[in-house]
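**Q** My questions concern the predicted model and sequence given below.
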Amino acid sequence: MGRASGRVVGGDVDMDTGWISKLQRVGGGQSGLSAVLQSLVVKLLVVAINTATGIITARMLRPDGRGELAAMILWPVFLANALTLGVPSSLVYNLRREPERESQFLSAALLLGVLLGLAAILAGVALMPYWLAQYRMETILIAQWMMLHAPLCTLMLVGRASLEVRGEFGLSNATLFFTPLLGLAGLTGLALAGAMTPFRAALTYVFNGVPVFCWMVWRMWRLFRPRWTGLLASLRTLLPYGVRAYGIDLLGALSLQIDQALVIGFLSPAAMGTYVVALSLSRMLQLFQQAVVMVLFPKAAARPADEVIALTGRAARISTVMTSMAGIAVMLGGQWMLRLLYGAEFVAATNLLRLLVLEVIFASTALVLAQAFMALGRPGIVTMLQGLGLALSVPLMLVLIPRYGLLGAGLALAISAAVRLLLMMLCFPWLLNERSPKLLFGREDWMFVRQQLIKVQA
């Protein structure tokens, strides 16, 4: 039954479904491995789509235009992620603890999402003229209008969290996949029509998520049947954990995008365009960590401490070795990849790319390890310790970017990520009285992966 065979029936080919059932178990299963494999496949597809959109915008807009585009679209996503108040993480944690209150919890989380999105709009509109002072007034005005996208970004985070805690990783992955796919279709149309401008490209990035958002809301309504009774009690339950977990959400947003915010403030649009290209190429390596984190927290939440630490340690080792192997390949072939994909104008970012690859490896490992504290209900102290490492990035950038330009930004990020990883490892003995998980991939990890793959094939 291992091979696919078929016969003609009524003009159609009737295939042996043995291999199809295996794919369905991997793609639709709710086990940890199935969910991770499914998420990894989706992340690979998203990386391919984002690479294609990056190539199109870089080649059509050149460094100057690509930098203006980044200035227009950065802020809604950045501020939406920075102002979550920990609501998505709190929703996951409390739904696992009290699943009988899922309707009330989701209603409260959606209300908070709307309010936080509105706060992001106000913050973005107020700060934009100061932070984009070296850009044209037209670019600043467009960036302010783009802030209307922030509430949708916030609600998407809440929606994905609710789907994942129910084990609906396929639905969550679908939102991650179709959003950039629609964007790629729109950008391709603009490129073929010769109508690509930073403003039109920015509109495409903003509106590509609207159909996916509407579909996600419809699915959430059918799954959870939100009820607005007991709203105050649900808010009182969500907010305490959310406030304590907020630091990790904030640090995650800052670690991903504070560099772009600072580079925008210091460098020209052309330098910003070069930086964004190198950054997008290095961020391809985060797919392993993202796939693991998406599944690890919902699966580990509310388990005993020894199980949580064991799960987290193994996840960290597996994701780190995969990220490192891919990172070495990018370091060695970075110059060739930049020239082939984006054009000769962006080859100057080769050394920056190597520094950003190191930063991704350190930061991804630290984020996977942080899920242990999230799952054990101890997000507050680890947030403070991790923040000490991330706080280094701002003064380092303020010193290194004016002196070394783009390389200064990459060096600041790499140092900051290494400090965050060190502090995260120290948190295990300091806060949990447990040994820090080993990070070196060993024989037991290989045997585990091999056994799981054999189960999938069986």
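**A** On my side now, so go ahead.

**Q** could you say what helices and strands the host helix or strand of residue 365 packs with?
**A** Per DSSP states H and E: residue 365 is located in helix 350-375. Packing partners of helix 350-375 (3 or more CB pairs under 8 Å, 6 or more residues apart in numbering; DSSP states H and E): helix 231-266, helix 269-283, helix 287-300, helix 305-341, helix 379-391, helix 406-432. C-beta coordinates here come from the backbone N, C-alpha and C atoms, glycine included.

**Q** of those helices, which approaches residue 444 most closely?
**A** Among the helices and strands packed on helix 350-375, helix 305-341 comes nearest to residue 444, with 8.5 Å by CB to CB.

**Q** for that closest one, which positions count as buried?
**A** 308-309, 311-324, 326-327, 330, 334, 337-338, 341 (16 or more other CB atoms under 10 Å).

**Q** which residues of the stretch 1-150 of the chain fall in helices?
**A** Per DSSP state H, counting those that start in this stretch, the stretch 1-150 of the chain has helices spanning 18-28, 32-82, 87-97, 102-131, 137-146, 150-165. These are given in chain order.

**Q** Check those helices for me: which has the lowest mean pLDDT.
**A** The weakest mean pLDDT among those belongs to helix 18-28, with a mean of 37.

**Q** still on that earlier bit, average pLDDT for the helix holding residue 365?
**A** 91.

**Q** Excluding covalently adjacent residues, which one is nearest to the residue most central in space within the chain?
**A** Closest to where the C-alpha atoms of the chain average out (CA atoms, centre = their mean) is residue 290, at 6.1 Å. Of all residues not flanking residue 290 in the chain, residue 43 sits nearest, at 5.7 Å (CB to CB, 6 or more residues apart in numbering).

**Q** so who does the one you found touch?
**A** By CB atoms under 8 Å, 6 or more residues apart in numbering, residue 43 lies in contact with 176, 287-288, 290-291.

**Q** Next, format those as a markdown table and append pLDDT and distance to residue 73.
**A** Conversion of those to a markdown table gives the following (pLDDT from 0 to 100; distance: CB to CB, whole Å):
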| residue | pLDDT | distance to residue 73 |
| --- | --- | --- |
| 176 | 84 | 17 |
| 287 | 75 | 21 |
| 288 | 74 | 25 |
| 290 | 73 | 20 |
| 291 | 71 | 24 |
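
**Q** These: which two are farthest apart?
**A** Among the contacts of residue 43, 176 and 288 lie farthest apart (CB to CB), at 14.8 Å.

**Q** Those two: which has the busier surroundings?
**A** The neighbour comparison of residue 176 against residue 288 (other CB atoms under 10 Å) goes to residue 288, with 26 against 19.

**Q** In contact with the more buried one, which residues are there?
**A** Under the criterion of CB under 8 Å, 6+ apart, the contact list for residue 288 reads 40, 43, 319, 322-323, 326, 364.

**Q** so residue 156 makes contact with residue 215?
**A** No - at 11.3 Å, residue 156 does not count as touching residue 215 under the criterion of CB atoms under 8 Å.

**Q** who touches both of those two?
**A** Contact criterion CB under 8 Å, 6+ apart; residues shared by residue 156 and residue 215: residue 175.

**Q** the more surrounded of these two?
**A** Neighbour totals were compared for residue 156 and residue 215, and residue 156 leads with 22 against 14 (other CB under 10 Å).

**Q** Skip the chain neighbours and tell me the closest residue to the more buried one.
**A** Leaving aside its sequence neighbours, residue 156 sits nearest to residue 213 (CB to CB, 6+ apart; 6.1 Å).

**Q** Name the helix or strand for that neighbour, please.
**A** Following DSSP H and E, the helix or strand that holds residue 213 is helix 210-224.

**Q** Buried residues, that helix. List them.
**A** Quick answer for helix 210-224 (16+ other CB under 10 Å): 212-213, 216, 219-220, 223-224.

**Q** Now render those residues as TSV, adding pLDDT.
**A** Listed next are the buried residues of helix 210-224 as TSV, based on pLDDT from 0 to 100:
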residue	pLDDT
212	90
213	90
216	88
219	85
220	83
223	82
224	82
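
**Q** what's the closest of the contacts of residue 43 to residue 347?
**A** Residue 347 has its nearest neighbour among the contacts of residue 43 in residue 287, at 24.5 Å by CB to CB.

**Q** Quick check: the nearest residue to that closest one once chain neighbours are set aside vs residue 291, distance?
**A** Nearest in space to residue 287, with sequence neighbours left out and distances taken as CB to CB, 6+ apart, is residue 43 at 3.6 Å. Taking CB to CB, to the nearest Å as the measure, residue 43 falls 5 Å from residue 291.

**Q** do residue 267 as well
**A** The gap separating residue 267 from residue 291 is 32 Å, by CB to CB.

**Q** What of residue 345?
**A** Here residue 345 is placed at a distance of 33 Å from residue 291 (CB to CB).

**Q** More neighbours: which of the two?
**A** More crowded of residue 345 and residue 291, by other CB under 10 Å: residue 291, with 25 against 19.

**Q** Is it correct that the more buried one is in contact with residue 40?
**A** Yes - between residue 291 and residue 40 there is a contact under CB under 8 Å: 4.3 Å.

**Q** my guess is residue 438 meets residue 313, correct?
**A** Yes - under the criterion of CB under 8 Å, residue 438 makes contact with residue 313 at 6.5 Å.

**Q** The helix holding residue 213 - contacts with which helices or strands?
**A** Using 3+ CB pairs under 8 Å, 6+ apart: helix 210-224 touches helix 102-131, helix 150-165, helix 169-192.

**Q** and residue 227, how many neighbours does it have?
**A** 14.

**Q** Pull the contacting residues for the spatially closest residue to it that is not a sequence neighbour.
**A** Nearest residue to residue 227, sequence neighbours excluded (CB to CB, 6+ apart): residue 103, at 4.4 Å. For residue 103, the contact set (CB under 8 Å, 6+ apart) comprises 224-227.
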